[in-house]
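J.: Build me a structure from this.
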Amino acid sequence: MASTEHRSTLRVLEILELISRSKDGYTLAELSRLLNAPKSSLFPIVHTMENRHFLLLNASTGQYHIGQNTYFVGSAYESAHSSFDFIRSCMKQLVQACGETCHLGILSGNSILYVAKTEADNPITLRSHVGQTLPAYCTGIGKALICDCTRKELEALYPDGLASYTPTTITSMDTLFQTLQEVRRTGFAYEFSELTEGILCIAVSLRNKNKIIAAVSVCIPAYRATEEKKAQTRALLKKLKIMAEQNLDEFHITDAASLL
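T.: Okay, here's the model as predicted:
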C-alpha cells in the first residue's frame, strides 16, 4: 500500500470493490479473510457504510450487498456521461442536416474549452480542436457562454482589454457588452470572422435552471453563409438546444464539471 493512501479510506474502497464484483455479497468474516484484516477493525467501517446506505445487510444470511447510495453515486457518473453522449449524438444529427462543423464548449476562465467537435464531410480550416482553449469574447460559442455577464464581470474577465485577431474582432468593452445583451435577447450568438477570417459561427447556450452549462456552435465558411443557410442553422440549433436542455434537466446536470 502506498504511503500516501489513507488506510480507512482505502478499506472503504476495497470493500466496495469486492462487494460490487460479488453476485451473492460477503459476510463480515468473508470480508475479513479476503482483505486480510481483523473483523474488529472492519466492523465499524462496514456498520457505518450500512447506516449511510452504501451497503445493504441481508439479516437472514449476514451478507452485505451494494446499497442504494452507492447506486446513486454510480448513476450520477453514468447520467453525466449519458448527457454528454446525448449532446454529441444531437451534434451529429445537426451536422448531417446542415453539412457544417459543430462544436461543444464550456467556459474555462475567460476562454472557451472545446470538449467535442463533429466535422462535416466538407471540413473547413478552423483554429479549433478538442482540448483547445480560445478567447471567449471573439467566438460565437464564447459569446454564448459569457452572455449573462454584467459589465463589471466582463471587465474582471478581461482586465487587460480585448486583443485584436482580425480586422473585425470586437475590441471595445462597450460594444462587447451591447453584443452580449443582443445575444440574451435573441438567443443566438455570432462570430463574424473575429478570430478566423472568412468564418461565420452561430451558437446557442445550453442551460439548466437558467444557468449556462455549455454552448454549441456551427461554423460556416462565409461563401456558404447564405440567408437560407443561416436560417436553417438557427432552426437546427434551436432544436438541439431544446433536446439538450431537457436532457440536462432530466439528469440534474447543473454545471460543466458534472456534464464531463
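
J.: Quick one: the helices in the stretch 101-250 of the chain, in order.
T.: In the stretch 101-250 of the chain, the helices defined using DSSP state H, counting those that start in this stretch lie at 140-146, 151-157, 173-186, 227-250.

J.: winner for burial among the ones you listed?
T.: Looking across those with neighbours counted as mean count of other Cβ atoms under 10 Å, the highest average goes to helix 140-146: a mean of 28. From N, CA and C alone the C-beta is placed, and that goes for glycine too.

J.: what about the residue lying closest to L195 once chain neighbours are set aside, distance to E100?
T.: In this structure, L195 finds its nearest non-sequential neighbour in C138, 4.7 Å apart by Cβ to Cβ, 6 or more residues apart in numbering. To E100, C138 is 19 Å away according to Cβ to Cβ, to the nearest Å.

J.: Now tabulate the helices of the stretch 101-250 of the chain in a markdown table and tack on mean pLDDT and distance to V95.
T.: Rendered in a markdown table, the data for the helices of the stretch 101-250 of the chain read as follows (pLDDT from 0 to 100; distance: least, Cβ to Cβ, whole Å):
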| stretch | mean pLDDT | distance to V95 |
| --- | --- | --- |
| helix 140-146 | 97 | 15 |
| helix 151-157 | 95 | 30 |
| helix 173-186 | 97 | 23 |
| helix 227-250 | 95 | 9 |
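
J.: Turn those into CSV, columns for distance to N69.
T.: CSV is the format used below for the helices of the stretch 101-250 of the chain (distance: least, Cβ to Cβ, whole Å):
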stretch, distance to N69
helix 140-146, 34
helix 151-157, 37
helix 173-186, 39
helix 227-250, 21
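
J.: Start and end of stretch 49-64, how far apart?
T.: The first and final residues of stretch 49-64 sit 10 Å from each other (Cα to Cα, to the nearest Å).

J.: Quick one: mean pLDDT for that stretch?
T.: Per-region confidence: stretch 49-64 scores 89 on mean pLDDT.

J.: And the contacts of it?
T.: Where contact means Cβ atoms under 8 Å, 6 or more residues apart in numbering, the residues beyond stretch 49-64 that reach it are 12, 15-16, 19, 24-28, 31, 46, 65-70.

J.: mind giving me the domain split of the chain?
T.: 7-66, 76-259 (automatic domain parsing).

J.: Please work out which of those domains is packed deepest.
T.: Sort the domains of the chain by mean neighbour count, taking mean count of other Cβ under 10 Å, and domain 76-259 sits at the top with a mean of 18.

J.: I'd say K209 and T254 touch.
T.: Yes. If you go by Cβ atoms under 8 Å, K209 and T254 touch, sitting 6.5 Å apart.
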